[in-house]
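S.K.: model the structure of this input:
(chains A and B)
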Number of protein chains: 2
Amino acid sequence: MSTPASPFADSTVAIVGVGLIGGSLAAAIKHRRVARRVIGVGRSTARLQSAKAARLIDDFSMDLAQAARESQLVIVCTPVDRIVADVRAAATAMQDGGLITDAGSVKGGICDSLCDLAHGPVTFVGSHPLAGSEKQGFEHASATLFEQKVCVITPPAGTLREPLERLHQFWQAVGMQTCELSPAEHDTTLARTSHLPHAVAAALAATLRPEHTRFAANGFRDTTRIAGGDPELWTAIFQQNSAALVDSISRMEEQLATLKQLLLRGEAASLQNWLQIAKTNRDQLDDRSP
Amino acid sequence: MSTPASPFADSTVAIVGVGLIGGSLAAAIKHRRVARRVIGVGRSTARLQSAKAARLIDDFSMDLAQAARESQLVIVCTPVDRIVADVRAAATAMQDGGLITDAGSVKGGICDSLCDLAHGPVTFVGSHPLAGSEKQGFEHASATLFEQKVCVITPPAGTLREPLERLHQFWQAVGMQTCELSPAEHDTTLARTSHLPHAVAAALAATLRPEHTRFAANGFRDTTRIAGGDPELWTAIFQQNSAALVDSISRMEEQLATLKQLLLRGEAASLQNWLQIAKTNRDQLDDRSP
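M.R.: Residues are numbered from 1 along each chain as shown, chains lettered A, B, ... in the order given. Model (predicted):
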């Protein structure tokens, strides 16, 4: 596959938060030569040294402002409740023409708080690369995590076109397909496709009794896998999108209520029809997993 | 790993229904030399010929009674709504001392209907090997599907000890860990650990709107994977265990209601605590998947 030209091929990029997402992004940038130099920014010297030893990053810094001054692109990959402060710190330090984005799973609150940065001279535009894992830490990083996945870019009204184009080109250079949604559209959509699955997986895991653990086979494991994600990260995501998530949970409750009625009525044809609709929905997802 | 001695090493085994489960069982029996000869029984000559060409079975027959007459063990791997009739047909044809089991996901109704066969001269004892996939057909069969998984054996009160021991030894020879539950205990347990996950995955898949498909990433895919299973098979399973499944769905609804309250109250600590309980439950499952 040919890599689209990167607008940052001769630039320095800072990645703030070198965990699974930040580490994978660093790996993809280096593997695909998307930037000349990658600086990792974090809070633990030991962790950053390990990430450098693993050749994920070229340099590292504990000082976000210093790294931002040297960079033409800053990607904030910290938990959603720290993104606004990290973007502000980067924006204050960066040189004019600098571009900042993030990788947060919720966009409304973050983009609203930062909408004054939509018009430069340093520009922030939100992003959400739809890739991840229940695993944590750069040790699980993969240069191919983002390949052929979708990245949602969420410009508020009035965002400058030139930096927005550069941001599309950056994510495409990393291997992703890009699209745009407003921050609000993003949050109602992802409530259904990402935050609801996490809520459902966690609720199902919460029903498990210790004496039944032995009898939980692959079906239970698959369906609850993402419940192994970091509770602190997901608390912040759920809280920032709570209204849309509550609405999505209501849609799930409606489906469970329908199923209970079908079971109580004992009509095989209606029950099979309901299961067929679910299967048809599932089958249309192009399943790239093994 | 040493294979336990098989009590059927010099015997002929008939497998009724050569799909994913029956085909994988045939492959494991041949790979581990658990029986001398495996006869596949089915309804399609073409399918059985293909299974023989794939070396899953040594011979095949469309005539269950004829295959049963030649076999010392018959394993009925047909859908749960056909198991009772297939076991009856085998029991009528088999020679004294013959053993019949099944691989059905629900046990109460089946074992109740067949409890007169608990005392010989041909003995039926129910089994449920906890292994499977949303995929169908012997083309997806794997000789290692059952390895280190749990097989629940469900003898009704008064089952003869000698054939029961042989059944344990058979599943262990195939690579499984065995345990016993009464048919009723099996059904209430599996309602929680297998039938509920399927219901939840299907309900979540049913909430997906066409315009959101593009934004369904790995989390949605993992959590709904088993909803790709055969609706006809699962209708029969759900109907045979509907009371216990309805009760399990109520437990799931309680967890979703709790989560909604936590979201509406906006208390981060309580929400994080709830997510931590779910994660702890999930983490204790020894996850053998990649």
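S.K.: can you give me the strands for the stretch 101-250 of chain A?
M.R.: In the stretch 101-250 of chain A, the segments counted as strands under DSSP state E, counting those that start in this stretch are A:123-124, A:126-129, A:150-154, A:177-180.
S.K.: A:Arg265 is nearest to which of the ones you listed?
M.R.: Among the strands of the stretch 101-250 of chain A, strand A:150-154 comes nearest to A:Arg265, with 39.7 Å by C-beta to C-beta. The C-beta positions use only the backbone N, C-alpha and C, and glycine is treated the same way.
S.K.: which strands or helices does the helix or strand hosting A:Ile100 pack on?
M.R.: In the assignment (DSSP states H and E), A:Ile100 maps to strand A:99-102. Of the remaining helices and strands, those touching strand A:99-102 by 3 or more C-beta pairs under 8 Å, 6 or more residues apart in numbering or on different chains; DSSP states H and E are strand A:73-76, helix A:83-93, strand A:123-124, strand A:126-129, helix A:161-173.
S.K.: which stretches of chain A have low pLDDT?
M.R.: Filtered on pLDDT under 70, chain A yields the residue ranges A:1-4, A:287-290.
S.K.: please parse it into its domains.
M.R.: A:12-181, A:186-283 (automatic domain parsing).
S.K.: mind checking the end-to-end distance for the shortest one?
M.R.: It refers to domain A:186-283. Counting by C-alpha to C-alpha, to the nearest Å, you get 24 Å between the two ends of domain A:186-283.
S.K.: okay if I get the helices and strands packed on strand A:99-102 as TSV plus distance to chain B?
M.R.: Formatted as TSV, those follow (distance: least, C-beta to the nearest C-beta, whole Å):
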stretch	distance to chain B
strand A:73-76	19
helix A:83-93	16
strand A:123-124	22
strand A:126-129	9
helix A:161-173	15
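S.K.: tell me which of these sits nearest to B:Leu56.
M.R.: Per C-beta to C-beta, nearest to B:Leu56 of the helices and strands packed on strand A:99-102: strand A:126-129, 43.0 Å.
S.K.: what pairs with the closest one, parallel or antiparallel?
M.R.: Its sheet considered, strand A:126-129 pairs with strand A:150-154 (antiparallel) by DSSP bridges.
S.K.: other residues contacting the strand it pairs with?
M.R.: A:101, A:107, A:111, A:125-130, A:164, A:167-168, A:171, A:174, A:176-183, A:186, A:190, B:214-215, B:217 (C-beta atoms under 8 Å, 6 or more residues apart in numbering or on different chains).
S.K.: now the helix or strand containing A:Gln261 and helix B:242-265, what's the angle there?
M.R.: Assigned by DSSP H and E, A:Gln261 belongs to helix A:242-265. Between helix A:242-265 and helix B:242-265, the angle comes out at 170 degrees (axes from the mean of the first three to the mean of the last three C-alpha atoms, to 10 degrees).
S.K.: and helix A:242-265, what does it pack onto?
M.R.: For helix A:242-265, the packing partners by 3+ C-beta pairs under 8 Å, 6+ apart come out as helix A:183-190, helix A:196-206, helix A:268-283, helix B:196-206, helix B:242-265.
S.K.: SS state for A:Val18?
M.R.: coil (DSSP: H, G, I helix; E, B strand; the rest coil).
S.K.: any idea what sits nearest it, other than its immediate chain neighbours?
M.R.: A:Gly40 (4.3 Å; C-beta to C-beta, 6 or more residues apart in numbering or on different chains).
S.K.: also A:Asn273?
M.R.: Going by C-beta to C-beta, 6+ apart, A:Asn273 has B:Pro231 as its nearest residue, at 8.0 Å.
S.K.: need the contact list for that neighbour.
M.R.: With C-beta under 8 Å, 6+ apart, B:Pro231 has these contacts: A:Gln272, A:Asn273, A:Leu275, A:Gln276, A:Ala278, A:Lys279.
S.K.: please redo it, this time with the cut-off set to 6 Å
M.R.: A:Gln272, A:Leu275, A:Gln276, A:Lys279 (C-beta atoms under 6 Å, 6 or more residues apart in numbering or on different chains).
S.K.: put together JSON lines for those residues, with neighbour count on each row.
M.R.: Formatted as JSON lines, the contacts of B:Pro231 follow (neighbours: other C-beta atoms under 10 Å in any protein chain shown):
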{"residue": "A:Gln272", "neighbour count": "20"}
{"residue": "A:Leu275", "neighbour count": "26"}
{"residue": "A:Gln276", "neighbour count": "16"}
{"residue": "A:Lys279", "neighbour count": "21"}
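S.K.: hmm, the residue nearest to A:Val18 is touching A:Gly17, no?
M.R.: No - with contact defined as C-beta atoms under 6 Å, A:Gly40 does not reach A:Gly17; the gap is 8.7 Å.
S.K.: who touches both of these two?
M.R.: Between them, A:Gly40 and A:Gly17 share no contacting residue, judged by C-beta under 6 Å, 6+ apart.
S.K.: the residue of the stretch 1-150 of chain A found nearest chain B: neighbour count?
M.R.: Residue nearest to chain B within the stretch 1-150 of chain A (C-beta to the nearest C-beta): A:Leu130, separated by 4.1 Å. For A:Leu130, the count of nearby residues is 23 (other C-beta atoms under 10 Å in any protein chain shown).
S.K.: report the contact partners of it.
M.R.: Contacts of A:Leu130 by C-beta under 6 Å, 6+ apart are A:Lys149, A:Val150, B:Ala217.
S.K.: again, 8 Å this time
M.R.: So A:Leu130 contacts A:Lys149, A:Val150, A:Cys151, A:Val152, A:Ser194, B:Phe215, B:Ala217 (C-beta under 8 Å, 6+ apart).
S.K.: now do the contacts for the nearest residue to A:Thr235 once chain neighbours are set aside.
M.R.: In space, and not counting its chain neighbours, A:Thr235 is closest to B:Gln272: 4.2 Å by C-beta to C-beta, 6+ apart. Counting by C-beta under 8 Å, 6+ apart, B:Gln272 touches A:Pro231, A:Glu232, A:Thr235.
S.K.: please report the distance of the first one from B:Asp102.
M.R.: Applying C-beta to C-beta, to the nearest Å, one obtains 41 Å for the distance of A:Pro231 from B:Asp102.
S.K.: next, the buried residues of stretch A:23-32.
M.R.: For stretch A:23-32, a neighbour-count test (16 or more other C-beta atoms under 10 Å in any protein chain shown) marks A:Gly23, A:Ser24, A:Leu25, A:Ala26, A:Ala27, A:Ala28, A:Ile29, A:Lys30, A:Arg32 as buried.
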